[in-house]
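A.B. asks: Predicted model, plus sequence, below.
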Amino acid sequence: MTATAGARVNWARNITFTAPEFFRPEKLSELRAVVAGAQGIRVLGTGHSFNDMADSPGAQVSLAGLPPEVEIDSANSLVRVSAGLSYATLAARLDRQGFALRNLASLPHISVAGATATGTHGSGAANQSLSAAVKGLELVTAGGDVVEVDGDAVAGAVVHLGALGVVTRLILAVVPSFEVAQRVYEDLPLDVLDDHFAEIMASGYSVSLFTDWRGPRLTQLWIKYLVEADPHAIATSTVAPAPPVTEEPWFTATPAPAARNPVPGVAADSCTEQLGVPGPWFERLPHFRPDFTPSAGDELQSEWLLPAEHAVPALHALRQIAGDIAAAVRVCEVRRIAADDRWLSMAYRRDSVAFHFTWIPDTAAVLPVVTAIERQLAPFGPRPHWGKIFTTPAADLHDRYERLPDFLALARHYDPAGKFRNAYTARVLGS
């Protein structure tokens, strides 16, 4: 197998990768040979990171050519899956066998390996990050050896930022398949969140709040709820009822009369079905449909997670710079995520609230706003999403992740010569 050359960019086209060699092996043996022979190497997944995490001074490798394996262990509620598969592909195959994942991110096109390696999450006060579903993984280490990681070791290795090796397979926990419905509501005053934030966030299986910071209101609320969990649901009904929280007198948002896109002014044809129509979990938990290829080059993204109890004070802190945010943002999404035990998870040992920003595609305009947001959120100990745009220095990250020294020791164990290090790990981890 020979390396290919040529310019490669990420999904948003804000990063042009500089790795001089690119490989797309079709067999595990080929991947092992590539890793063993490289001076430096990083994995390029679906390219949905907005920074240089996947770049390398040596080689880049894609896992998309490896066999797309999905092996279900029904007795133990587990699935063994090829790392390069997308969640959209995996979910459809799981559902055909009567199984599901507990949660999904808003975009189903991302790879299982890339999402779990960066701590990516969905939404829900009782739902953990996607990495929390990982019960085991297989990786190719610097010398080309294949290593199985399971048991307690998974907590340290699963959110690895590409620094331990090339993950080739993962074992995920699964649950019986279930149905979900979602409704969208519009124009809720931000002040309502002062007294009812927790109540709203607990009103569905997955809840997302959106604002463009151009006014003191939420532009949209997306409430996704389990159809069978609603006492008013009728098995033969084609439309599930509204969540009870929307009947409270203080809930003044209005139901959207038609399908909506969370980004203002963008058509809803790429979004999952709304208006309370029940459907399979994998066709409702994401915001976007897998049969629509995401657009490229028209947005940047940042996200910070902080303790859930600081949600309302953090909202007030951000309102102080609402004008600056509004000048660069397309939409901001607020979600809840349950705590997990993954060392480098943004929700490590704390129930969290996430503030996600979809920016205009202008890095020069976005970076000063990113810095301003980090300054406003600093009192609450924010942890930035590893795969998005942030300027938090390594020293602050060390303060916010108590197991980061242990992770660096783990990286030295698996990769003593630093084959998987790059400019990103030097800048973000200090290693």
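C.D. replies: Done, it's in. Residues are numbered from 1 along each chain as shown.

A.B. asks: Counting neighbours, what do you get for the closest residue in space to residue 283 that isn't next to it in sequence?
C.D. replies: Nearest non-adjacent residue to residue 283, counting by Cβ to Cβ, 6 or more residues apart in numbering: residue 272, 5.9 Å away. Using the backbone N, CA and C atoms, a C-beta is placed for each residue, glycine as well. Close neighbours of residue 272, defined as other Cβ atoms under 10 Å, add up to 23.

A.B. asks: ditto for the one 3 residues further on
C.D. replies: Around residue 275 there are 16 other residues, counting by other Cβ under 10 Å.

A.B. asks: Over to residue 67?
C.D. replies: 9.

A.B. asks: Skipping adjacent residues, who's closest to it in space?
C.D. replies: Nearest residue to residue 67, sequence neighbours excluded (Cβ to Cβ, 6+ apart): residue 82, at 6.4 Å.

A.B. asks: ok now do the one you found, which residues does it touch?
C.D. replies: 63, 66, 67, 68, 69, 70, 112, 168, 169 (Cβ atoms under 8 Å, 6 or more residues apart in numbering).

A.B. asks: quick one on the thing from earlier: just checking, the residue nearest to residue 283 touches residue 284?
C.D. replies: Yes: using Cβ atoms under 8 Å, residue 272 is in contact with residue 284, at 5.5 Å.

A.B. asks: can you list residues touching both of the two?
C.D. replies: With Cβ under 8 Å, 6+ apart, residue 272 and residue 284 have common neighbours residue 182.

A.B. asks: Which among the contacts of residue 82 count as buried?
C.D. replies: Among these, those buried by neighbour count (16 or more other Cβ atoms under 10 Å) are 63, 66, 70, 112, 168, 169.

A.B. asks: thought the fifth one was touching residue 85?
C.D. replies: Just to be clear, that refers to residue 168. No: taking contacts as Cβ under 8 Å, residue 168 lies outside contact range of residue 85: 11.3 Å.

A.B. asks: Below-threshold pLDDT in the stretch 251-400 of the chain: ranges please.
C.D. replies: 293-297 (pLDDT under 70).

A.B. asks: Strands of that one, start to end?
C.D. replies: 254-255, 279-280, 300-307, 329-337, 352-359, 383-384 (DSSP state E, counting those that start in this stretch).

A.B. asks: which one of those lies closest to residue 399?
C.D. replies: strand 383-384 (10.4 Å; Cβ to Cβ).

A.B. asks: partners of that closest one in the sheet?
C.D. replies: strand 300-307 (antiparallel) (DSSP bridges).

A.B. asks: Give me the contacts around the partner strand.
C.D. replies: Here strand 300-307 makes contact (Cβ under 8 Å, 6+ apart) with 12, 14, 50, 314, 337, 346-347, 350-363, 366, 370, 373-374, 377, 380-385, 388-390.

A.B. asks: List buried residues within these.
C.D. replies: 12, 14, 50, 314, 337, 346-347, 350-359, 366, 370, 373-374, 377, 380, 382-385, 388-390.

A.B. asks: I figured residue 134 hits residue 171, correct?
C.D. replies: Yes: contact criterion Cβ under 8 Å: residue 134 and residue 171 qualify, at 7.0 Å.
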